[in-house]
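1. Turn this into a structure:
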Amino acid sequence: MKIYFAHPRNNFDYEKELYKPLRASILNSAHQFIFPHEKEANGSNSKGAIRSCDVFCAEVSQPATGVGIEIGWADMFDVPVLGFYKKGTKPSSSLNYIAREVIEYSDSNELVEKLSDSLAKI
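-> Presented below is the predicted three-dimensional model:
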(Lines give C-alpha, C1' and ligand atoms only; values in the text may rest on other atoms or scores of the structure.)
Protein backbone atom coordinates (compact mmCIF):
# COMPACT_ATOMS: atom_id res chain seq x y z
CA MET A 1 0.00 0.00 0.00
CA LYS A 2 1.01 3.59 -0.56
CA ILE A 3 0.77 5.41 2.79
CA TYR A 4 1.01 9.16 3.29
CA PHE A 5 1.96 10.15 6.86
CA ALA A 6 1.12 13.73 7.88
CA HIS A 7 2.41 15.34 11.06
CA PRO A 8 3.06 18.73 12.63
CA ARG A 9 6.40 20.40 11.86
CA ASN A 10 6.80 22.52 14.98
CA ASN A 11 7.67 21.20 18.43
CA PHE A 12 7.74 17.62 17.18
CA ASP A 13 10.82 15.57 16.29
CA TYR A 14 9.12 13.77 13.41
CA GLU A 15 12.35 12.27 12.10
CA LYS A 16 13.06 10.54 15.42
CA GLU A 17 9.44 9.79 16.36
CA LEU A 18 8.05 8.74 12.95
CA TYR A 19 10.45 8.55 10.03
CA LYS A 20 13.27 6.49 11.56
CA PRO A 21 11.08 3.94 13.40
CA LEU A 22 8.81 3.40 10.40
CA ARG A 23 11.71 3.17 7.93
CA ALA A 24 13.40 0.64 10.25
CA SER A 25 10.25 -1.49 10.61
CA ILE A 26 9.07 -4.44 8.55
CA LEU A 27 6.28 -2.16 7.31
CA ASN A 28 8.78 -0.21 5.22
CA SER A 29 9.51 -3.22 3.00
CA ALA A 30 5.82 -4.11 2.70
CA HIS A 31 4.49 -0.61 1.97
CA GLN A 32 5.51 2.64 0.32
CA PHE A 33 5.63 5.47 2.87
CA ILE A 34 5.42 9.09 1.83
CA PHE A 35 6.75 11.44 4.50
CA PRO A 36 6.11 15.07 3.50
CA HIS A 37 9.30 16.48 5.04
CA GLU A 38 11.72 13.76 4.08
CA LYS A 39 14.48 14.89 1.72
CA GLU A 40 13.11 12.80 -1.16
CA ALA A 41 9.68 14.45 -0.85
CA ASN A 42 10.83 18.06 -0.68
CA GLY A 43 8.95 20.15 -3.19
CA SER A 44 6.40 17.46 -3.88
CA ASN A 45 2.72 18.18 -4.31
CA SER A 46 1.09 16.88 -1.12
CA LYS A 47 -2.42 17.16 -2.55
CA GLY A 48 -1.49 14.98 -5.51
CA ALA A 49 0.36 12.50 -3.27
CA ILE A 50 -2.65 12.21 -0.96
CA ARG A 51 -5.00 11.68 -3.90
CA SER A 52 -2.87 8.78 -5.13
CA CYS A 53 -2.32 7.03 -1.79
CA ASP A 54 -4.19 4.04 -0.38
CA VAL A 55 -4.12 5.15 3.27
CA PHE A 56 -3.63 8.52 4.93
CA CYS A 57 -2.11 8.54 8.43
CA ALA A 58 -1.90 11.61 10.60
CA GLU A 59 -0.01 12.20 13.85
CA VAL A 60 -2.51 14.42 15.67
CA SER A 61 -1.07 14.81 19.17
CA GLN A 62 -0.96 18.57 18.72
CA PRO A 63 -3.02 20.93 16.59
CA ALA A 64 -1.54 21.77 13.18
CA THR A 65 -3.41 23.64 10.48
CA GLY A 66 -1.53 21.96 7.64
CA VAL A 67 -2.33 18.49 8.96
CA GLY A 68 -5.99 19.47 9.26
CA ILE A 69 -6.06 20.63 5.65
CA GLU A 70 -4.44 17.40 4.48
CA ILE A 71 -6.93 15.32 6.51
CA GLY A 72 -9.69 17.21 4.69
CA TRP A 73 -8.13 16.42 1.32
CA ALA A 74 -7.84 12.72 2.20
CA ASP A 75 -11.50 12.67 3.21
CA MET A 76 -12.48 14.48 0.00
CA PHE A 77 -10.57 11.89 -2.07
CA ASP A 78 -12.16 8.98 -0.12
CA VAL A 79 -8.76 7.85 1.19
CA PRO A 80 -9.08 5.99 4.52
CA VAL A 81 -7.77 8.13 7.39
CA LEU A 82 -5.99 6.78 10.47
CA GLY A 83 -5.22 9.20 13.29
CA PHE A 84 -2.47 8.58 15.84
CA TYR A 85 -1.93 10.50 19.06
CA LYS A 86 0.56 10.17 21.88
CA LYS A 87 -0.72 9.00 25.27
CA GLY A 88 -1.37 12.00 27.50
CA THR A 89 -2.52 14.27 24.66
CA LYS A 90 -6.04 14.94 23.42
CA PRO A 91 -6.66 15.16 19.68
CA SER A 92 -9.51 17.15 18.23
CA SER A 93 -12.82 15.33 18.65
CA SER A 94 -13.76 16.28 15.06
CA LEU A 95 -11.27 13.65 13.88
CA ASN A 96 -13.75 11.00 15.02
CA TYR A 97 -16.09 12.06 12.18
CA ILE A 98 -13.47 11.55 9.47
CA ALA A 99 -10.99 8.92 10.63
CA ARG A 100 -11.56 5.21 10.30
CA GLU A 101 -9.64 4.86 13.57
CA VAL A 102 -8.12 7.24 16.12
CA ILE A 103 -5.35 5.37 17.87
CA GLU A 104 -3.46 6.14 21.07
CA TYR A 105 0.19 5.08 21.36
CA SER A 106 2.83 5.43 24.07
CA ASP A 107 6.06 5.29 22.04
CA SER A 108 7.34 4.76 18.51
CA ASN A 109 7.44 0.98 18.87
CA GLU A 110 3.77 0.89 19.85
CA LEU A 111 2.90 3.25 16.98
CA VAL A 112 4.50 0.82 14.50
CA GLU A 113 2.70 -2.12 16.11
CA LYS A 114 -0.70 -0.42 16.08
CA LEU A 115 -0.23 0.87 12.53
CA SER A 116 0.55 -2.68 11.42
CA ASP A 117 -2.65 -3.94 13.09
CA SER A 118 -4.75 -1.19 11.48
CA LEU A 119 -3.31 -1.75 8.01
CA ALA A 120 -4.16 -5.44 8.24
CA LYS A 121 -7.84 -4.44 8.57
CA ILE A 122 -7.89 -2.27 5.45
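2. tell me which element the closest residue to Y105 other than its chain neighbours falls in.
-> Once flanking residues are discounted, Y105 sits nearest to L111: 4.3 Å by C-beta to C-beta, 6 or more residues apart in numbering. Every C-beta, even on glycine, is put in place using the N, C-alpha and C of the backbone. In this assignment (DSSP states H and E), L111 forms part of helix 108-120.
3. Flag the shaky bits of this structure, pLDDT-wise.
-> Scanning the chain for pLDDT under 70 picks out 40-44.
4. which residues of it fall in strands?
-> Using DSSP state E, the strands of the chain run over residues 2-6, 32-34, 55-59, 81-86, 101-105.
5. can you list those in a markdown table and add distance to S92?
-> Shown next, in a markdown table, are the strands of the chain (distance: least, C-beta to C-beta, whole Å):
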| stretch | distance to S92 |
| --- | --- |
| strand 2-6 | 14 |
| strand 32-34 | 23 |
| strand 55-59 | 11 |
| strand 81-86 | 9 |
| strand 101-105 | 10 |
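6. Which of those strands sits closest to S25?
-> strand 32-34 (9.6 Å; C-beta to C-beta).
7. Give the other helices and strands that the closest one contacts.
-> If contacts are counted by 3 or more C-beta pairs under 8 Å, 6 or more residues apart in numbering; DSSP states H and E, strand 32-34 sits against strand 2-6.
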